[in-house]
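A.B. asks: Predicted model follows, preceded by the sequence.
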Amino acid sequence: MRLTRLNYILTAVAFISFFLPPVWAEAQVLTDIKVIHATTGPEQFDSRLKPILHELKSVFKYTSYKLLKEQRFDLHFNEEGWVSLPGNRILLVLPSETDGNRIGYHITIQKNNHFIFQTQVLLKNNSSITIGGPELDSGALLINISGALQ
Amino acid sequence: MEKKCDVYTSEDISRFVDTELSSNQCRAFEHHLSLCSECSRLFGQYKGLSLAFSRHTHKTAMGIATLHLEHKLEQKIQCPEKKLYQNISGLFGKNLYLKLAGIAAVVMIGFFSFDPTLLGTPSGPSAIINSVDTEYTSVMIIETQKEKHTIIWFSEET
């Protein structure tokens, strides 16, 4: 008899849990944006770039990585954050969804109020993506975006 | 006082009983037996001893086999619940080290399969690109070898 009662309780708990929103539904996403100027000048780098520097060096020919700006946002899902970039450019980031392991981001770059680049990515929690290409003072502009569920 | 045979010793008779003599020696001794009463008496004694010994050993051997079979049968009838345990125990035989190694292997496989980062390599790219939309045609998606860091590179050339 006891076992039957326990079974009822467990079934009820499982049923209620199924319809409850996931824990991270109300969570915020800590989004960190680093704006980097990469050039082939004298070798220099900012210590704050240390976690990604080896990865950048393994791909690019640039010798100097200068951190121009770093900005952090605590964003709710579907809340937009933006950072102004050199050359009349603006970066817009919007976390849209998560499954607990990855965070969905809409990332947009505007130049002179005109969309020049848009992407939708699934960023691994506590990881980052680098977007680069725009020319800047005989070098290139790199934007490193990292996201962490709070 | 017993009369001793001058031709064959008691050792020769014993060897005959144990069939350790050659065929020629056997034939000669058989012929002698029909003539010598002393050898015939000793032969009878040794033969009887040999027969008794072989019967005893046969009976002992049969007894062990029967007991073992009975014991196994009783175990099967009385302890059917032990069957599962016996099967699991029998999986790796009776070697304790082999059992421990088997358990360690299972634990390690389970451990690493549930947390692949422990193996030293990331489980996937840092970012999965669902879509890219740009006015410019030149777009590259790069993944670094070591940390699988995802990089999107686009050209602004018009």
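C.D. replies: In hand now; what should we look at?

A.B. asks: all helices of chain B, in order?
C.D. replies: Per DSSP state H, chain B has helices spanning B:10-17, B:23-33, B:37-78, B:83-91, B:96-114. These are given in chain order.

A.B. asks: Now the shortest one - C-alpha only, PDB.
C.D. replies: Pointing back at helix B:10-17 there. Provided in PDB are the C-alpha atoms of helix B:10-17 (Å, rounded to 0.1, in the frame of the first residue of the first chain):
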ATOM      1  CA  SER B  10      59.100 -62.900  -3.300                       C
ATOM      2  CA  GLU B  11      60.000 -59.800  -5.300                       C
ATOM      3  CA  ASP B  12      59.800 -61.700  -8.600                       C
ATOM      4  CA  ILE B  13      56.300 -62.900  -7.600                       C
ATOM      5  CA  SER B  14      55.300 -59.400  -6.800                       C
ATOM      6  CA  ARG B  15      56.500 -58.200 -10.200                       C
ATOM      7  CA  PHE B  16      54.600 -61.000 -11.900                       C
ATOM      8  CA  VAL B  17      51.400 -59.900 -10.100                       C
END
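
A.B. asks: who in chain A is up against chain B?
C.D. replies: Proximity of chain A to chain B (CB under 8 Å from any CB of the partner chain) is limited to residues A:52, A:54-56, A:58-59, A:102, A:104, A:115-124, A:127-135. To be clear about C-beta, it is placed using only N, CA and C from the backbone, and glycine gets the same treatment.

A.B. asks: again, 7 Å this time
C.D. replies: A:52, A:55, A:58-59, A:116-124, A:127-135 (CB under 7 Å from any CB of the partner chain).

A.B. asks: Buried ones among those residues?
C.D. replies: A:52, A:55, A:59, A:116-117, A:119-124, A:127-134 (16 or more other CB atoms under 10 Å in any protein chain shown).

A.B. asks: re earlier: of the residues of chain A next to chain B, which belong to helices?
C.D. replies: When DSSP H is applied, the residues of chain A next to chain B are split such that A:52, A:55 fall in helices.

A.B. asks: so how far is A:I33 from the residue lying closest to B:S126 once chain neighbours are set aside?
C.D. replies: Among residues not flanking B:S126 along the chain, A:S127 sits closest, at 4.1 Å (CB to CB, 6 or more residues apart in numbering or on different chains). According to CB to CB, to the nearest Å, A:S127 stands 14 Å off from A:I33.

A.B. asks: ok, now which ones touch B:H32?
C.D. replies: For B:H32, the contacting residues are B:7-8, B:39, by CB atoms under 7 Å, 6 or more residues apart in numbering or on different chains.

A.B. asks: of these, buried ones?
C.D. replies: Buried members of these, counted by 16+ other CB under 10 Å: B:8, B:39.
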